[in-house]
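Peer 1: missing the sequence, but the structure's below:
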Ligand code: A3P
């Protein structure tokens, strides 16, 4: 995408070189410079821009696009890898993968995406209100991955402090305060979930959770296959499963995510929230969940009593 690229570089090498340049630039910026607000939500200024958000209107969705929707730290990279691996098994060639988020990069990216062959795997942290309307017009199938908010918060805290692109925090308590009020990059976990919840009935949506994937990955992989109409043999499913375990992805993370490999693939567990939450913080989040998500489909799916109580 930039003039300084070596034409012989593979897509993965280009992605990694771009990531390296981005990290170097981020290290020179202050926490305040690393974020900006657009339509009331904070975004990483080094990865997103108003011009790119506006250019998104030119994106032409297709019925056979694979759209993965996640709040940050809820299993985005895991889902991307699963879909990538499934499509590879089906077509025996690499699908079009936008390795960065749909909303990252230069405004020209949508023109580039429009020219790419199907199937395209696209992933985004955007809210229902802010993502390209074309995806709804074309009734693109949407895979939403949820994760319990306590583990998502702890994962997000570590990620913010180890990824130079995001503003870092002086303490867990400081992060928790911002997480609860939604003053973090990509805004409130709760508003995000409520926004997508509104789309559930009219939409073409499959809702999965990080916790169910962790508990029985093959069962969740089968749901993805049914949803997208992929006919994978048991042997192919097994291969997808083996290539998408936490360990397997972590082992290959320097290849897939360069210097940030260990930052993206940290622990991959359920229940790590207990390592940082105080009892008081736990109660505060319980109350927030009760107020906003109790009784919703997302709330049910998250299985809060099982994953978020002591
Ligand atoms: P932790 O920080 O709790 O380890 P995202 O891809 O949305 O940024 O989410 C990152 C979180 O998903 C991290 O959580 C990461 O370790 C976890 N993760 C990534 N791949 C995984 C896998 N194959 N199995 C389980 N967890 C995975």
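Peer 2: Right, received. Where do you want to start? Since the structure is predicted, the reported quantities are computational estimates derived from the model, not experimental observations. Numbering: from 1, shown residues only.
Peer 1: near the ligand at all, the helix or strand hosting residue 193?
Peer 2: Element membership of residue 193 [criterion: DSSP states H and E] is helix 189-197. No: interface with the ligand: helix 189-197 contributes nothing (Cβ under 6 Å from any ligand atom), its closest point being 12.4 Å away. The C-beta positions use only the backbone N, C-alpha and C, and glycine is treated the same way.
Peer 1: following element in sequence after that helix, please.
Peer 2: strand 205-209.
Peer 1: residues making contact with the very next helix or strand once past that next one?
Peer 2: Later in the chain than strand 205-209, the nearest helix or strand by DSSP H and E is helix 210-215. Residues external to helix 210-215 that are found in contact with it (Cβ atoms under 8 Å, 6 or more residues apart in numbering): 74-75, 78, 145-148, 151, 219-220, 268-270, 303, 306-307.
Peer 1: pLDDT averaged over helix 210-215, what's the number?
Peer 2: Across helix 210-215, the average pLDDT comes to 98.
Peer 1: any regions of the stretch 101-250 of the chain where pLDDT drops low?
Peer 2: Low-confidence segments of the stretch 101-250 of the chain (pLDDT under 70): 203.
Peer 1: quick one: name the residues of it near the ligand.
Peer 2: 151, 155, 158, 214, 244-246, 249.
Peer 1: nearest the middle, which residue of this structure would you pick?
Peer 2: With distances taken as Cα atoms, centre = their mean, the residue of the chain nearest its centroid is residue 76 (3.2 Å).
Peer 1: number of nearby residues for the closest residue to it other than its chain neighbours?
Peer 2: Distances taken as Cβ to Cβ, 6 or more residues apart in numbering place residue 70 nearest to residue 76, at 4.4 Å, with adjacent residues excluded. As a burial measure, residue 70 scores 26 neighbours (other Cβ atoms under 10 Å).
Peer 1: find the residue closest to the residue of the stretch 201-310 of the chain found nearest the ligand in space, skipping its chain neighbours.
Peer 2: Nearest residue of the stretch 201-310 of the chain to the ligand: residue 268, at 3.0 Å (Cβ to the nearest ligand atom). Nearest residue to residue 268, sequence neighbours excluded (Cβ to Cβ, 6+ apart): residue 246, at 3.5 Å.
Peer 1: give the helix, strand or coil label for residue 143.
Peer 2: Put simply, residue 143 is strand when judged by DSSP: H, G, I helix; E, B strand; the rest coil.
Peer 1: surely it touches residue 79?
Peer 2: Yes: assessed by Cβ atoms under 8 Å, residue 143 is found in contact with residue 79 at 6.4 Å.
Peer 1: where do the contact lists of these two overlap?
Peer 2: With Cβ under 8 Å, 6+ apart, residue 143 and residue 79 have common neighbours residue 68.
Peer 1: just the buried ones from the contacts of helix 210-215, in PyMOL syntax?
Peer 2: Of the contacts of helix 210-215, the buried ones go into a single PyMOL selection, burial set by 16 or more other Cβ atoms under 10 Å:
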select buried, resi 74+75+78+145+146+147+148+151+220+268+270+307
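Peer 1: residue 97 reaches residue 121, doesn't it?
Peer 2: Yes: contact criterion Cβ under 8 Å: residue 97 and residue 121 qualify, at 4.9 Å.
Peer 1: overlap in contacts, these two.
Peer 2: Joint contacts of residue 97 and residue 121 (Cβ under 8 Å, 6+ apart) are 80, 84.
Peer 1: so residue 150 touches residue 284, yeah?
Peer 2: No: in this structure residue 150 lies outside contact range of residue 284 using Cβ under 8 Å: 10.9 Å.
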